[in-house]
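In: no FASTA, just this:
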């Protein structure tokens, strides 16, 4: 098992590795941007009217937290990509893409479509897919798996928030 990305050991692969980091960063930033689009002004009015749980963080917390998490998601995927090709790496990268898809879908379901129950099903799938990605990434690059541990923790918290929002707004 590698702990240092393969591309960092070979100068000839550094340009390719930098391009890959840019792609993983762009994909993560794209997911963030799509989530931001889903939370437009009309949606914010809808959300403000919902009953919130007492443990709801202030609105100002979400932007900085998600900025850090998307950065960690990108670097984690890049580290896995930099390891030698094989079934374990392919599985981890597939799960990386799956979790990012569920991540993006949540914002559209919850904010875009105003469907908290559907978003709850999605965030449950997101939680499971992040856990599966972590397990798969750990077999390829342990630091890559560790990088997404805060993300899994936040998604678990987001799941609890989503569940309470559904319960309070039946």
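Out: Ah, there it is. Note that the structure is a prediction, hence the values are computed from the model and not measured.
In: shaky segments in this protein?
Out: The model of the chain has pLDDT under 70 over residues 1-13, 42.
In: break down it into its strands, ranges please.
Out: Secondary structure of the chain (DSSP state E): no strands located.
In: show me where this structure has its helices.
Out: Assigned by DSSP state H, the helices in the chain fall at 6-9, 14-38, 41-49, 59-81, 87-107, 116-140, 142-147, 149-168.
In: in TSV, list those helices along with mean neighbour count.
Out: C-beta here means a position set from N, CA and C on the backbone, and glycine is covered the same way. Below are the helices of the chain laid out as TSV (neighbours: other CB atoms under 10 Å):
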stretch	mean neighbour count
helix 6-9	15
helix 14-38	16
helix 41-49	11
helix 59-81	19
helix 87-107	20
helix 116-140	20
helix 142-147	20
helix 149-168	16
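In: the nearest residue to residue 43 once chain neighbours are set aside: how many residues sit nearby?
Out: Excluding the flanking residues, the one nearest residue 43 by CB to CB, 6 or more residues apart in numbering is residue 111, at 4.6 Å. Residue 111 has 22 neighbours, counted by other CB atoms under 10 Å.
In: residue contacts, residue 111?
Out: Taking CB atoms under 8 Å, 6 or more residues apart in numbering, we find residue 111 in contact with 35, 38-39, 43, 47.
In: so it versus residue 38, what's the distance?
Out: As judged by CB to CB, to the nearest Å, residue 111 and residue 38 stand 4 Å apart.
In: ditto for residue 65
Out: Distance from residue 65 to residue 38, by CB to CB: 17 Å.
In: repeat that for residue 81.
Out: Distance of residue 81 to residue 38, given as CB to CB: 28 Å.
In: so what's residue 119 up against?
Out: Listed by CB under 8 Å, 6+ apart, the contact partners of residue 119 are 106, 109-110, 162.
In: between those residues, which is nearest residue 151?
Out: Distances from residue 151 to those, taken as CB to CB, are shortest for residue 106 (12.9 Å).
In: tell me the contacts of the nearest residue to residue 151 once chain neighbours are set aside?
Out: Among residues not flanking residue 151 along the chain, residue 69 sits closest, at 4.9 Å (CB to CB, 6+ apart). Going by CB under 8 Å, 6+ apart, residue 69 touches 150-151, 154.
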